[in-house]
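Trainee: Okay, sequence plus prediction incoming.
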Amino acid sequence: MASFAREFTKGLWDEIPPFRFVLGLCAALAVTKSVDGALGMGIALTFVTVGSNVLISLFRKLIPNDVRIACYIVVIAAFVIVVELMMQAYTYALFEKLGIFIPLIVVNCIVLGRAEAFANKNPVLPSIADGLGMGVGYTMALVALASIREILGAGTFWGISVFGPSYKPFTFLLEAPGAFVCLGLMLAVMNIFKK
Amino acid sequence: MQFGDYILLMVSMLFLNNILLAQYLGNCPFLGTSKRLETAIGMAMAVIFVLVMSGAITWVVEEYVLKAYGVEYLRTLAYILVIAALVQLLEMFLKKNIPALYSALGIYLPLITTNCAVLGVCLINVKEQYNFLTSLFSSFFYAVGYGLALVLFAAVRERILLNPVPKPLQDVSIGLVTAGIMSLSFLAFKGMV
């Protein structure tokens, strides 16, 4: 159980994506215009990471080494299709909002990275913890970035006005350049805390 | 579409809707391979090459396999397999027949499978319901836009390396801020289209 907790918590701070590992940037930049989009993306990615980690860990001794990346991609793509269909059925507004970034979870380097770096060497339980930790860490990072961008850029949080009608929103943060600059500065802040 | 529409589409794909700086696709290799101008040029060429080919093949797959059998929900899986297989085949073909190009593209070819710009453009082509020629056109100019941003960015980054950067901002952090400023300049084309 102690190792389960350790594998889980490393994704929350020590190896939190996309700050410690600069992976999965595209989604981090694109869906963080609003907090609900960021949370939806984070949950979808967590599901895919945990699911593919479990399956790859189960089959780690059967998958031939030469074609392992192809096998991982097929497994990941299957889970992405599951997420895509579920979101289309139950959370259609979010599905529309995230658009092509849901299918693009397939090429999110975090998922493939965990499969290659962790799940193919470890048993199922630690792999679940690892996937869950990375997913939750990524979700936290996305929500933090989205909070800054939505609160300052639109003056709202989860669509609810924060500063009242007199606030003049800093819309730069909602545009593409704002996303890059904001993430860059957040990385710099994280670097200050790095030992 | 008229000739003029194609010109507008081209300008929009190269600058305004630049795949990298406005649509946020393909950022991981963007930051990874842009430290030197030469590697950036290699990566840009590889992306143009693969993107045009996968744009063409995924259009055929979409039209004659997915739509014909009514299995559009398998699109993600089908596309990524097409791209992965294409990259693998291309690597083998180039190694055997055009070794000069193979050594020029080098390690950037296999990396392209997980470049979300490739899959992203193929998905955009479907979403916009482009026909075959327009798909080819869009794949090519999105890829050129990617290459343009990558090469310009690498040139800027080479200069940054020579300057003292505050410690927390070093490497990726200053890279992202630079990308933001470049993205701002690309947005300036908004008045044109």
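Mentor: Everything's here; your move.

Trainee: residues in contact with the one helix or strand A:Cys26 maps to?
Mentor: Assigned by DSSP states H and E, A:Cys26 falls within helix A:25-30. Helix A:25-30 is contacted from outside by A:18, A:41, A:45, A:101, A:104-105, A:108, A:138, A:141-142, A:145, A:176, A:179-180, A:183, B:23-28, B:31, B:116, B:120, using C-beta atoms under 8 Å, 6 or more residues apart in numbering or on different chains. Just so you know, the C-beta spots here come from the backbone N, C-alpha and C atoms, and that holds for glycine as well.

Trainee: hmm, 6 Å instead?
Mentor: Applying C-beta atoms under 6 Å, 6 or more residues apart in numbering or on different chains, the external contacts of helix A:25-30 come out as A:18, A:41, A:101, A:142, A:179, B:24-25, B:27-28, B:116.

Trainee: Stretch A:64-79 too?
Mentor: Stretch A:64-79 is contacted by residues A:48, A:51-52, A:55-56, A:63, A:106, A:111-112, A:115, B:76-77, B:80 when judged by C-beta under 6 Å, 6+ apart.

Trainee: repeat that with 8 Å
Mentor: With C-beta under 8 Å, 6+ apart, stretch A:64-79 has contacts from A:47-48, A:51-52, A:55-56, A:59, A:63, A:105-106, A:111-112, A:115-116, A:120, B:76-77, B:80-81, B:84, B:113.

Trainee: how close does the residue lying farthest from the centre of chain A sit to chain B?
Mentor: In chain A, the greatest distance from the average C-alpha position (C-alpha atoms, centre = their mean) is reached by A:Ser166, at 34.0 Å. A:Ser166 is 27 Å from chain B, where distance means C-beta to the nearest C-beta, to the nearest Å.

Trainee: swap in A:Ile102?
Mentor: 9 Å.

Trainee: hang on, that residue packs against A:Met87?
Mentor: Yes. In this structure A:Ile102 lies within contact range of A:Met87 using C-beta atoms under 8 Å: 6.4 Å.

Trainee: who has more neighbours, the two?
Mentor: A:Ile102 (26 against 19; other C-beta atoms under 10 Å in any protein chain shown).

Trainee: can you pull the contacts of that one?
Mentor: A:Ile102 neighbours (C-beta under 8 Å, 6+ apart): A:44, A:80, A:83-84, A:87, A:95.

Trainee: got it, and B:Leu20?
Mentor: B:26-27, B:30, B:117, B:145-146, B:149-150.

Trainee: Can you tell me which of the contacts of helix A:25-30 are buried?
Mentor: A:18, A:41, A:101, A:142, A:179, B:24-25, B:27-28, B:116 (16 or more other C-beta atoms under 10 Å in any protein chain shown).

Trainee: For these, give me CSV that also has distance to B:Ile48, pLDDT and secondary structure.
Mentor: Output for the buried ones among the contacts of helix A:25-30, formatted as CSV (distance: C-beta to C-beta, whole Å; pLDDT from 0 to 100; DSSP: H, G, I helix; E, B strand; the rest coil):
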residue, distance to B:Ile48, pLDDT, secondary structure
A:Pro18, 27, 78, coil
A:Met41, 29, 94, helix
A:Phe101, 23, 91, helix
A:Leu142, 31, 93, helix
A:Ala179, 25, 91, helix
B:Tyr24, 19, 86, coil
B:Leu25, 15, 88, coil
B:Asn27, 18, 82, helix
B:Cys28, 18, 78, helix
B:Cys116, 16, 85, helix
